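>>> Here's a sequence, model it:
(4 chains)
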There are 2 protein chains.
Amino acid sequence: MATIYDVARQAQVSPATVSRVLNGRASVDPVLAARVQQAVQDLNYRPNVVARNLRLSQTSLWAVIISDIGNPFFTSMVRGVEDVAQGSGFSVVLCNSDEDPEKEARYVAAALAQRMAGVVISTSGRPNVINRLIEARIPVVAIDRQLRGVSVDTVLVDNVHGAELATTHLLDQGYRRIACITGPRRISTAAQRLRGYQRALKSRGHQPTDNLIRFADFREEGGYRAMASLLDETEPPDAVFATNNLMTVGAVECLVDRGVKVPAKVGVVGFDDIPWAHLVRPSLTTVSQPTYDLGRAAAVLLGERIANPAKPTSMVTLHTDLHIRESSTRPA
Amino acid sequence: MATIYDVARQAQVSPATVSRVLNGRASVDPVLAARVQQAVQDLNYRPNVVARNLRLSQTSLWAVIISDIGNPFFTSMVRGVEDVAQGSGFSVVLCNSDEDPEKEARYVAAALAQRMAGVVISTSGRPNVINRLIEARIPVVAIDRQLRGVSVDTVLVDNVHGAELATTHLLDQGYRRIACITGPRRISTAAQRLRGYQRALKSRGHQPTDNLIRFADFREEGGYRAMASLLDETEPPDAVFATNNLMTVGAVECLVDRGVKVPAKVGVVGFDDIPWAHLVRPSLTTVSQPTYDLGRAAAVLLGERIANPAKPTSMVTLHTDLHIRESSTRPA
DNA sequence: GGGCCACGTCGTATATGGTCGCCATCCGCC
DNA sequence: GGCGGATGGCGACCATATACGACGTGGCCC
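Model prediction:
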């Protein structure tokens, strides 16, 4: 590949002038500029981003660290991030941590080593990993999940409120023994959605009981097992609120396998949509989140922080909506 | 961030020795090595990958250029690529071209400028974009879709055979007017799956007719519109083979909206699975592809080419399977 | 009209952070 | 004492951006 020196020689100017022409930093004689442009064309020259990055000690890469690339929630979010990044001249490196703190730590180390321009992270838990980034002054935005103990830009949805909506809706439909399948305790969304569920029950005079609560893993299999275990209770639930999309799918699957009629026998509400929800029978009632916008908002925040590192950290909360479908509408 | 010079000073050795300790290239006095390791720890030093890349004129990034990040087919594929990449010390930059050749060209230019170590591409069409990469001697692997006119490593599934399986199955079920909704002509998978469909019809003595063929866009809306247009034919089809997952979903949606019973009135077979196919009613008969393995195979090929650029190009073809479910099993 | 100053434009040199070739040195062994 | 192997350090190099210096020209003022 041609270098800036090759272009300079071809255009009979100095490398500095070529650089000036390409970056438009300083004024250059139009005649020389034209010669440079021509030489760039002739040699099919592309500036070496690596060298530029080294010189400027900044890169044009963002790392997006998510916990499950198989979950459509995250792919939609990534797309939101990516569209904004692309618009501001950044590329997105996708990092799939699989909820494994060790894998996450590896990716953070890579982001550090690559001197990435910024990181969007939906953390699998431990905040000490993130501190590495903060110490190195790499801009970070937490998305979907909150980081404890560190002050970083954050984009969330109103998890507590969404969970309240879901639970209240089940109560309104006449369900009384409402279970909750939530995610790992250490993850803020799992905790907040559980809190919303409990709050809704209490505010209607019901006492949440621990044997109707399950802590699963935010995956399909976990939802399946949790549902099975709930059905095996001596007093099984007549409804279930699952705090993410994949666990909802798993729970419904379990109900189908056991021949439990939804919504007649057991009502189901999930948190976050799944694609083709309208084709699933029974169609699923969900608390839907603006996943794409979540990604966009995080990307905008990251861009702003890169432009102005001294900016005070902010938290953006997006709204959720209850989409009522078949799985929770009890026949009269 | 600490540099290699800081570490050298702290450990009272030369930068070269630090480099040797970290890369294990040459033998170093254990005492000095220990001092270096200690200094690395103390300073929380991370080698600057940018500088290393510049010096070695090679990077540790792979670009994966796909046409639709919203399609679970591609996310699963990306995951396959990513798992292998991670294992060989590469990171994956995800590039979503949205079937837009211009966006694709931009990503290729970025890969070139970043001097990426390799590119996995599921191209949206024009091969001249790829030639840029080949000229720059950047290793390329074509995945899912073939590149015309250039000799590159390629990973495909047996599209023609899969389509034959699907079409023959519909014939076996007694469907006679079988339509085909395929993708853009310029994309090899669309063409090959159409060819398989036509071949299957012919081998059973049926003549494929153009008014039962639609060229859509591989998306849900396109599938919907194509199905609608097929139903509006004077002699509408009694079955449809859709050549990707999203168009299948769109077609079924259209049938549901119009109250056309599946599979009684119209049978449906799709190419490639969708997640939660088992929850969709009617459950969808599909030609399933090993999406994750497709990604893995491409990544392995890319790794091999990077290790040995002179290696002759190879083509890997993975097998498809027909998964018969409800949408194509005609009641007797 | 001439001289001086200022500004615009260009080239040279250096910095970025690593890696590695080459050479010098040191130590051990024969 | 000499030779050889192992190890450390110096310096070049990767491609780019930019500070700084130099040069030339134009305008203004005397």
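>>> now the worst-scoring helix or strand of chain A on mean pLDDT: how far from the chain's centre is it?
Within chain A, judged by mean pLDDT, DSSP states H and E, the helix or strand with the poorest mean is helix A:128-135; its value is a mean of 85. Counting by CA atoms, centre = their mean, to the nearest Å, helix A:128-135 is centred 19 Å from the centre of its parent chain.
>>> Would it count as contacting chain B?
Yes - against chain B, helix A:128-135 shows contacts by CB under 8 Å from any CB of the partner chain at A:Arg132, A:Glu135. Where C-beta positions appear, they are placed from N, C-alpha and C, glycine not excepted.
>>> Remind me what the host helix or strand of A:Gly196 packs against, helices and strands.
Using DSSP states H and E, A:Gly196 sits within helix A:188-203. In terms of contacts (3 or more CB pairs under 8 Å, 6 or more residues apart in numbering or on different chains; DSSP states H and E), helix A:188-203 is packed against helix A:159-172, strand A:178-182.
>>> what does the last one rub up against?
Which is strand A:178-182. Identification of contacts with strand A:178-182 by CB atoms under 8 Å, 6 or more residues apart in numbering or on different chains yields A:167, A:170-171, A:190-191, A:193-194, A:197-198, A:201, A:208, A:212-216, A:222-223, A:226-227, A:230, A:237-243, A:247, A:251, A:267.
>>> Neighbouring strands - and their directions - for it?
Partners of strand A:178-182 in the sheet, by DSSP bridges, are strand A:213-215 (parallel), strand A:239-242 (parallel).
>>> surely A:Glu220 meets A:Val249?
Yes - between A:Glu220 and A:Val249 there is a contact under CB atoms under 8 Å: 5.4 Å.
>>> what's the pLDDT at the closest residue to A:Thr167 other than its chain neighbours?
Excluding the flanking residues, the one nearest A:Thr167 by CB to CB, 6 or more residues apart in numbering or on different chains is A:Ala200, at 3.6 Å. On the pLDDT scale, A:Ala200 is placed at 98.
>>> Can you name the residues that contact A:Ala200?
Contact analysis of A:Ala200 by CB under 8 Å, 6+ apart lists A:Ala163, A:Glu164, A:Ala166, A:Thr167, A:Thr168, A:Leu171.
>>> what residues does the stretch 201-332 of chain A put near chain B?
Residues of the stretch 201-332 of chain A lying close to chain B (CB under 8 Å from any CB) are A:Val249, A:Val252, A:Glu253, A:Val256, A:Ile274, A:Pro275, A:Trp276, A:His278, A:Leu279, A:Val280, A:Arg281.
>>> out of those residues, which is most surrounded?
A:Val252 (28 neighbours; other CB atoms under 10 Å in any protein chain shown).
>>> which residues sit in contact with it?
Contacts for A:Val252 (CB under 8 Å, 6+ apart) come out as A:Val262, A:Val268, A:Val280, A:Leu284, A:Ser327, B:Leu279.
>>> Just the ones in strands from these, please.
A:Val268 (DSSP state E).
>>> Is stretch A:21-32 in proximity to DNA strand C?
Yes - for stretch A:21-32 and DNA strand C, the contact criterion (CB under 7 Å from any atom of the strand) is met by A:Ala26, A:Ser27, A:Val28, A:Asp29, A:Val31, A:Leu32.
>>> Need the max-distance pair from the residues you listed.
Pairwise distances across the residues of stretch A:21-32 next to DNA strand C (CB to CB) peak at 15.6 Å, for the pair A:Ala26 and A:Val31.
>>> and the gap between the residue of the stretch 201-332 of chain A found nearest chain B and DNA strand C?
Going by CB to the nearest CB, chain B is nearest to A:Arg281 of the stretch 201-332 of chain A, at 3.5 Å. For A:Arg281, the distance to DNA strand C (CB to the nearest atom of the strand, to the nearest Å) stands at 57 Å.
>>> which parts of the least confident helix or strand of chain A are buried?
Going by neighbour count (16 or more other CB atoms under 10 Å in any protein chain shown), the buried part of helix A:128-135 is A:Val129, A:Ile130, A:Arg132, A:Leu133.
>>> Show me which of the residues you listed is closest to chain B.
Among these, A:Arg132 lies closest to chain B (CB to the nearest CB), at 7.7 Å.
>>> Tell me if I'm right that that closest one and A:Ala113 touch.
No - with contact defined as CB under 8 Å, A:Arg132 does not reach A:Ala113; the gap is 11.0 Å.
>>> Spit out the residues that contact the two alike.
Common contacts of A:Arg132 and A:Ala113 (CB under 8 Å, 6+ apart): none found.
>>> For DNA strand C, what's the nearest residue on chain A?
Per CB to the nearest atom of the strand, A:Asp29 is where chain A lies closest to DNA strand C, at 2.5 Å.
>>> in chain A, which spans are strands?
With DSSP E as the criterion, chain A has strands spanning A:61-66, A:91-96, A:118-121, A:140-143, A:153-157, A:178-182, A:213-215, A:239-242, A:267-271, A:285-288, A:315-318, A:321-323.
>>> Could you list the residues in contact with the fourth one?
Pointing back at strand A:140-143 there. With contact meaning CB under 8 Å, 6+ apart, strand A:140-143 is reached by A:77, A:118-123, A:130, A:133-134, A:152-156, A:294-295, A:298-299, A:301-302, A:305.
>>> contacting residues for A:Val108?
A:Ile65, A:Val119, A:Val129, A:Ile130, A:Arg132, A:Leu133.
>>> burial count for the residue lying closest to A:Val287 once chain neighbours are set aside?
Closest residue to A:Val287 apart from its sequence neighbours, by CB to CB, 6+ apart: A:Gly162 at 4.2 Å. Look at A:Gly162: counted by other CB under 10 Å, it has 25 neighbours.
>>> Tell me the confidence at A:Gly162?
Looking at A:Gly162, its pLDDT is 98.
>>> For the residue of chain A closest to DNA strand C, give me its contacts.
By CB under 8 Å, 6+ apart, the contact set of A:Asp29 is empty.
>>> On the pLDDT front, check it for me.
Looking at A:Asp29, its pLDDT is 89.
>>> What of A:Asp144?
Note on A:Asp144: pLDDT of 96.
>>> swap in A:Ala332?
Looking at A:Ala332, the pLDDT reads 69.
>>> dump the residue contacts of A:Thr286.
For A:Thr286, the contacting residues are A:Asn245, A:Thr248, A:Val269, A:Gly270, A:Phe271, A:Asp272, A:Asp273, A:Ile274, A:Ala277, A:Leu322, A:His323, A:Arg325, by CB under 8 Å, 6+ apart.
>>> Quick one: residues contacting the closest residue to the first one other than its chain neighbours.
Nearest in space to A:Asn245, with sequence neighbours left out and distances taken as CB to CB, 6+ apart, is A:Asp272 at 4.3 Å. Neighbouring residues of A:Asp272 by CB under 8 Å, 6+ apart: A:Phe73, A:Asn244, A:Asn245, A:Thr286, A:Val287, A:Ser288, A:Gln289, A:Thr291.
>>> Just the buried positions in the helix holding A:Gly196, please.
By neighbour count with 16+ other CB under 10 Å, helix A:188-203 contains the buried residues A:188-194, A:196-201.
>>> what's across from the closest residue to A:Leu170 other than its chain neighbours in the sheet?
Nearest non-adjacent residue to A:Leu170, counting by CB to CB, 6+ apart: A:Ala239, 4.6 Å away. A:Ala239 has these beta-bridge partners by DSSP bridges: A:Ile178, A:Gly267.
>>> looking at it, A:Ala239 is touching A:Arg177, isn't it?
Yes - using CB under 8 Å, A:Ala239 is in contact with A:Arg177, at 7.1 Å.
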